[in-house]
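In: need coordinates for the below:
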Amino acid sequence: MNLPQISVLFGKLVPFFATVIIYFILLIPPAENPTLLAVIIKCSPIMSLMYFVKHYGSCTNPIFVGLFFCCIGDGFLMFKGYFFHGMLAFMLGHLNYIRAFGFKPLKPRIGLFSFLIGGINISLLYKGLSGLFVPGVSMYILIIDTMIWRAFARLQNPWTWTQISICTGSVLFALSDFFIGISMFVRPIAHSQVLIMSSYYAAQLGISLGVLEIVPK
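Out: Model (predicted):
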C-alpha cells in the first residue's frame, strides 16, 4: 500500500475517530428512555465503519452486515432491560464475521484452544446467570470463540497487517464482552463503561480493516 492509498484509507476513517472522541467526551450511560441523540452518538462510530467498509467492499459484504447487526445491538444496549435483545443482535453480527473469515484452512487446534478459554469464561459467569441468560450467554461465548478461532486460522506466513488487525479485533471484542459479563453477572468493575467501549470500538475497527484483504476493491 503506497502513501496516497494510506492517505485515502485514513481519510475514510476520520468520521470513525471523530465520533469515538465525541462518545468518550459525553459517555452517555444506558437509561430507561434514552434520547434519540444519545442512541445516535453511541452508534455513530459503527455507522462510520459501515461507511468505510462500503467504500472498500459492498453492503452485501459480511463484515458490513456484521457491523449492521452490531449497530442494532448498540441501540438495544442503550435501553435498560434490553440487554438480551442486544446480545441476540451481536450474535448475528459475530455469525457474519465468521462467514467473512471462512472455514479454510480449518486449523482445529486453534479452535480447541479458543473453546477452552470460552469454557473458563462460562464457568466464571455461570453462578450469576439465570433464566434465558444461562443458554444465551453460553451460546454467545461459543459463537464469539468461533469467531476468534476463524480469525486466527487466517494467519499465514508471512503475516499481513490486515490478518493481524482481524485477530486483534476479535480478541478485543471478546475482552470487551468479558468486561460486560463480569460487571453484569459477577461484580461491578470500576470505569467499566470506558473499558468496555474503548476495547469494543478498537475491536470493530480491527475487524473492519479486514475488508481490505477479504474483499479487495
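In: make it CA atoms for all contacts and neighbour counts henceforth
Out: OK.
In: tabulate the CA atom coordinates of the lowest-mean-pLDDT helix or strand in the chain in PDB.
Out: Using mean pLDDT, DSSP states H and E, the weakest-scoring helix or strand in the chain turns out to be helix 211-214, at a mean of 89. Extracted in PDB, the C-alpha atoms of helix 211-214 (Å, rounded to 0.1, in the frame of the first residue of the first chain):
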ATOM      1  CA  VAL A 211     -12.300  -5.800   4.300                       C
ATOM      2  CA  LEU A 212      -9.100  -4.600   2.600                       C
ATOM      3  CA  GLU A 213      -8.000  -8.300   2.400                       C
ATOM      4  CA  ILE A 214     -11.200 -10.200   2.400                       C
END
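In: may I see the buried residues of it?
Out: 211, 214 (16 or more other CA atoms under 10 Å).
In: what's it packed up against?
Out: Contact here means 3 or more CA pairs under 8 Å, 6 or more residues apart in numbering; DSSP states H and E; on that basis helix 211-214 packs against helix 36-56, helix 161-185.
In: let's see 10 Å
Out: Here helix 211-214 touches helix 36-56, helix 62-77, helix 83-101, helix 161-185, going by 3 or more CA pairs under 10 Å, 6 or more residues apart in numbering; DSSP states H and E.
In: deepest-packed of these, please.
Out: Highest mean neighbour count of the helices and strands packed on helix 211-214: helix 62-77, a mean of 24 (counted as mean count of other CA atoms under 10 Å).
In: any idea how far the residue lying closest to residue 169 once chain neighbours are set aside lies from residue 36?
Out: Of all residues not flanking residue 169 in the chain, residue 203 sits nearest, at 3.8 Å (CA to CA, 6 or more residues apart in numbering). For residue 203, the distance to residue 36 equals 25 Å [CA to CA, to the nearest Å].
In: likewise residue 46?
Out: From residue 46 over to residue 36 the distance is 16 Å, taken as CA to CA.
In: residue 200 now?
Out: Residue 200 is 21 Å from residue 36, by CA to CA.
In: if we can go back for a sec, now the helices and strands packed on helix 211-214 in JSON lines, with mean pLDDT and distance to residue 214?
Out: Shown next, in JSON lines, are the helices and strands packed on helix 211-214 (pLDDT from 0 to 100; distance: least, CA to CA, whole Å):
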{"stretch": "helix 36-56", "mean pLDDT": "97", "distance to residue 214": "10"}
{"stretch": "helix 62-77", "mean pLDDT": "98", "distance to residue 214": "9"}
{"stretch": "helix 83-101", "mean pLDDT": "98", "distance to residue 214": "7"}
{"stretch": "helix 161-185", "mean pLDDT": "97", "distance to residue 214": "9"}
